[in-house]
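S.K.: got a structure for you, letters missing:
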DNA sequence: CGGTTAGGGGTTTTT
DNA sequence: CCCCTAACCG
């Protein structure tokens, strides 16, 4: 049984009576085992599995915990436990009464937001201050949703009172943005929780206990979600020293005021560390002690065996650092899978990845950047999104931007035209148009200036005659759009052919198979592989292009494989957005940002680019959200990922950007650099 | 000249 | 990937 494997302090927490329980679990103290033990305890006490809700920070973490329980309880039992991230759980619940939820990537919604913003003419609004950019307002609005339960204007004006004169315009933009999302059926990550909070009563939940992992990183919105559930029993596990999501509204008060909000709460503290050897732990403690203590705690060493002290590596140049570390990894005896290179900023990853590859050392980077954000995959997902939700103008635009001579503006007009031809239905308008004239279009012009609804000059189909097009296609009303050229029309024809073939399909796998072998995709693959094989001279390397094509089709088959376990298009696409970047391709040395390393552990860890400015990231600290304490927690999280060996490294100079660096102050706090020695050096 | 498309350069962390 | 700018079109 999982319970019998717990130590005393873990057992005490796991077997706490129902009620409000807070577990302060420092790095490496067996947080996961304790949560697994807690669920085992609940099940043994007769709590029905479907009345247990487990909220984690990644879906992978939830999956692993459920899998561990699966070794002791029947599949039917553990399968009934509701588990996942806040977002995944909200999605599941939301789907029940709002079946057509189309989850959209933040970048996508930002584009939508910007297009609404750009229609406004701020010059007409008298104000002392320059209006904020669309991106900034979008980011602030998103942060607001995560961190405040009041109104946007009062939250925002508290920070920027001088923008009062512009507030009405900002609110107007936000309003239209919300309406447009509604119209297209779009939902953001935040909306998943916001909407669920609103409909909580209709869900008629009767949970007996809610468990929250990584409680220190819950934000105000998630806190409200937990409150709305109104579970009679809470089991919240966290460590304020590992709170690193302030930029996402993480509210450390959720953990620090727990005992005030629940006066009869019990607090358990786990301090026995089983992960890291003593010198690593004492280094971590030395640094984190500089932050204020919220609940008292001192980490105790569980692993007493002899150990090597953490090593500081100093290099003259940034790439010398990457190369040397790669060589060191190659010469060492630790399995590649047990090694992690951890950095503050993603920009460090490319250099390390390249250095490892040069030596033939396999590596993997967590997340979608490599797979789900690849354009060849995004294209296919956009296609599926559009088929499932033909109102998705964003997906349509992204698809059509691959057509030669088609940009976002023409793509938008084509979308509106096709919808018009089909009397509101994109697919009808494309395959069997009933209306034959171009609609009045509303181009991206300043609404406030009164410019709108231009009549388009009608282009004649005769401009395509003699170019080898079928008479059938030339009778389609889309050819009347004056800015559509021959290449654009060819693209449309391929789109139409594919749409005809997949219109009636529901299985993601079958749709994908047809899409991948279509001539539309062939076009996209040609464009992409051509771009990737382009030499500096502008010539295309045929060999490189062929290689690139193969890679693209290999990725596409991987997506095809992933799709086979889904029966419904919408679910597949949403699942890819919700959990897609938790998948990582390949195997080998792990390359991770500090944020991505949360909750993981490795035998050997390299924390790189420990230069003042980069880690701590001074640029972020000067913006809202971040501060030195948060950066220190990030350092703490990074070093406590190490079990046996810890290397901390920095470079003095960046030869590409011609920048000199000083070592991170955390190295001094860790006792690895003496201040006097360092100042003598400079 | 305005609007649009295409391509080059710098980059902050996640569900 | 987002922003900026150069080329291009009508």
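M.R.: Noted; the coordinates are in hand. Since this is a predicted model, take the numbers as computed values, not measurements.
S.K.: can you tell me how far the residue in the stretch 101-250 of chain A that DNA strand C sits nearest to sits from residue A:314?
M.R.: Distances between the stretch 101-250 of chain A and DNA strand C by CB to the nearest atom of the strand are smallest at residue A:107, namely 3.4 Å. (C-beta placed from N, C-alpha, C; glycine too.) Going from residue A:107 to residue A:314 by CB to CB, to the nearest Å gives 38 Å.
S.K.: So for the two, which residue has more residues nearby?
M.R.: residue A:314 (15 against 8; other CB atoms under 10 Å).
S.K.: where does chain A have low pLDDT?
M.R.: Within chain A, the segments meeting pLDDT under 70 span A:122-128, A:367-370, A:442-457, A:536-538, A:584-585, A:622-626, A:675-682.
S.K.: ok, is the longest helix that it contains in contact with DNA strand C or not?
M.R.: Criterion DSSP state H: the longest helix present in chain A is helix A:542-563. No. Helix A:542-563 stays clear of DNA strand C (CB under 7 Å from any atom of the strand), getting no nearer than 13.6 Å.
S.K.: And the contacts of the helix or strand that that helix is followed by?
M.R.: Where DSSP states H and E defines the elements, the next helix or strand beyond helix A:542-563 is helix A:569-579. For helix A:569-579, the external contacting residues (CB atoms under 8 Å, 6 or more residues apart in numbering) are A:59-60, A:85, A:87-88, A:91, A:95, A:99-105, A:372, A:381, A:384-385, A:387-389, A:506, A:508, A:511, A:562-563, A:566.
S.K.: swap the cut-off to 7 Å and go again
M.R.: A:59, A:87-88, A:91, A:100-103, A:105, A:372, A:381, A:384-385, A:387-388, A:506, A:508, A:511, A:563, A:566 (CB atoms under 7 Å, 6 or more residues apart in numbering).
S.K.: next one: stretch A:29-47
M.R.: With CB under 7 Å, 6+ apart as the test, stretch A:29-47 has contacts from A:1-3, A:5-6, A:10, A:13-15, A:23, A:25, A:49, A:52, A:54, A:65, A:68-69, A:72-73, A:77, A:81, A:208-209, A:211, A:213, A:235, A:237, A:270-274.
S.K.: from what I can see residue A:225 touches residue A:198, true?
M.R.: No. Using CB atoms under 7 Å as the test, residue A:225 is too far from residue A:198 to be in contact (10.8 Å).
S.K.: neighbour count winner among those two?
M.R.: For residue A:225 and residue A:198, the more surrounded residue by other CB under 10 Å is residue A:225, and the numbers stand at 23 against 10.
S.K.: wait, what's in contact with the more buried one?
M.R.: By CB under 7 Å, 6+ apart, the residues touching residue A:225 are A:86, A:193, A:196, A:197.
S.K.: Tabulate those residues (JSON lines), appending secondary structure and distance to residue A:432.
M.R.: Converted to JSON lines, these look like this (DSSP: H, G, I helix; E, B strand; the rest coil; distance: CB to CB, whole Å):
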{"residue": "A:86", "secondary structure": "helix", "distance to residue A:432": "43"}
{"residue": "A:193", "secondary structure": "helix", "distance to residue A:432": "41"}
{"residue": "A:196", "secondary structure": "helix", "distance to residue A:432": "39"}
{"residue": "A:197", "secondary structure": "helix", "distance to residue A:432": "43"}
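S.K.: Next, give me the two most distant ones among the residues you listed.
M.R.: Checked with CB to CB, the contacts of residue A:225 reach their widest spread between A:86 and A:197, with 10.7 Å between them.
S.K.: ok, those two, which is more surrounded?
M.R.: Higher neighbour count among residue A:86 and residue A:197: residue A:86, with 21 against 17, using other CB under 10 Å.
S.K.: Relative to residue A:590, how far out is the spatially most central residue of chain A?
M.R.: Nearest residue to the geometric centre of chain A (CA atoms, centre = their mean): residue A:581, 6.6 Å. From residue A:581 across to residue A:590, the span is 15 Å (CB to CB).
S.K.: And the strand or helix carrying residue A:66, what does it pack against?
M.R.: Per DSSP H and E: residue A:66 is located in helix A:59-69. Packing partners of helix A:59-69 (3 or more CB pairs under 7 Å, 6 or more residues apart in numbering; DSSP states H and E): helix A:31-44, strand A:52-56, strand A:82-85.
S.K.: Deepest in the core, which of those is it.
M.R.: Among the helices and strands packed on helix A:59-69, strand A:52-56 has the highest mean neighbour count (mean count of other CB atoms under 10 Å), at a mean of 24.
S.K.: ok so, going back, please settle this for me: is the residue of the stretch 101-250 of chain A closest to DNA strand C part of a strand?
M.R.: No. Counting by DSSP: H, G, I helix; E, B strand; the rest coil, one finds residue A:107 to be helix, located in no strand.
S.K.: Now for whatever residue of chain A ends up closest to DNA strand B: which residues touch it?
M.R.: Per CB to the nearest atom of the strand, residue A:407 is where chain A lies closest to DNA strand B, at 2.0 Å. Residues in contact with residue A:407 (CB under 7 Å, 6+ apart) are residue A:401.
S.K.: For residue A:96, which non-adjacent residue is spatially closest?
M.R.: residue A:203 (7.6 Å; CB to CB, 6 or more residues apart in numbering).
S.K.: Distance of residue A:343 relative to residue A:276?
M.R.: In terms of CB to CB, residue A:343 sits 19 Å off from residue A:276.
S.K.: And these two? Which one has more around it.
M.R.: Higher neighbour count among residue A:343 and residue A:276: residue A:276, with 28 against 24, using other CB under 10 Å.
S.K.: Phi and psi next, for that one.
M.R.: Main-chain torsions, residue A:276, degrees, to the nearest 10: phi -100, psi 150.
S.K.: how close does it get to residue A:84?
M.R.: Taking CB to CB, one finds residue A:276 at 29 Å from residue A:84.
S.K.: same thing with residue A:153?
M.R.: 34 Å.
S.K.: now do residue A:307
M.R.: For residue A:307, the distance to residue A:84 equals 37 Å [CB to CB].
S.K.: Just the element for residue A:312, please.
M.R.: Residue A:312 belongs to strand A:311-315, assigned by DSSP H and E.
S.K.: buried ones in that strand?
M.R.: Neighbour-count burial for strand A:311-315, with 16 or more other CB atoms under 10 Å as criterion, is recorded at A:312, A:313, A:315.
S.K.: Parallel or antiparallel, list what pairs with that strand.
M.R.: Strand pairing for strand A:311-315, determined by DSSP bridges: strand A:642-651 (parallel).
S.K.: Can you name the next helix or strand after the partner strand?
M.R.: Assigned by DSSP H and E, the successor of strand A:642-651 is strand A:653-654.
S.K.: ok, that next one near DNA strand B or not?
M.R.: No. Applying CB under 7 Å from any atom of the strand, one finds strand A:653-654 separated from DNA strand B by no less than 10.6 Å.
S.K.: Contacts for the helix or strand just after that strand next, please.
M.R.: Counting by DSSP H and E, the element after strand A:653-654 in chain order, helix or strand, is strand A:659-660. The contact list for strand A:659-660 (CB under 7 Å, 6+ apart) reads A:652, A:653.
S.K.: Likewise for stretch A:523-540?
M.R.: A:375, A:376, A:379, A:402, A:491, A:494, A:541, A:544, A:545, A:548, A:549, A:552.
S.K.: Now list the buried members of the residues you listed.
M.R.: If you count burial by 16+ other CB under 10 Å, the buried members of the contacts of stretch A:523-540 come out as A:375, A:376, A:379, A:402, A:491, A:494, A:545, A:548, A:549, A:552.
S.K.: Return the member of those nearest to residue A:167.
M.R.: The closest of the buried ones among the contacts of stretch A:523-540 to residue A:167 turns out to be residue A:375 (CB to CB; 37.9 Å).
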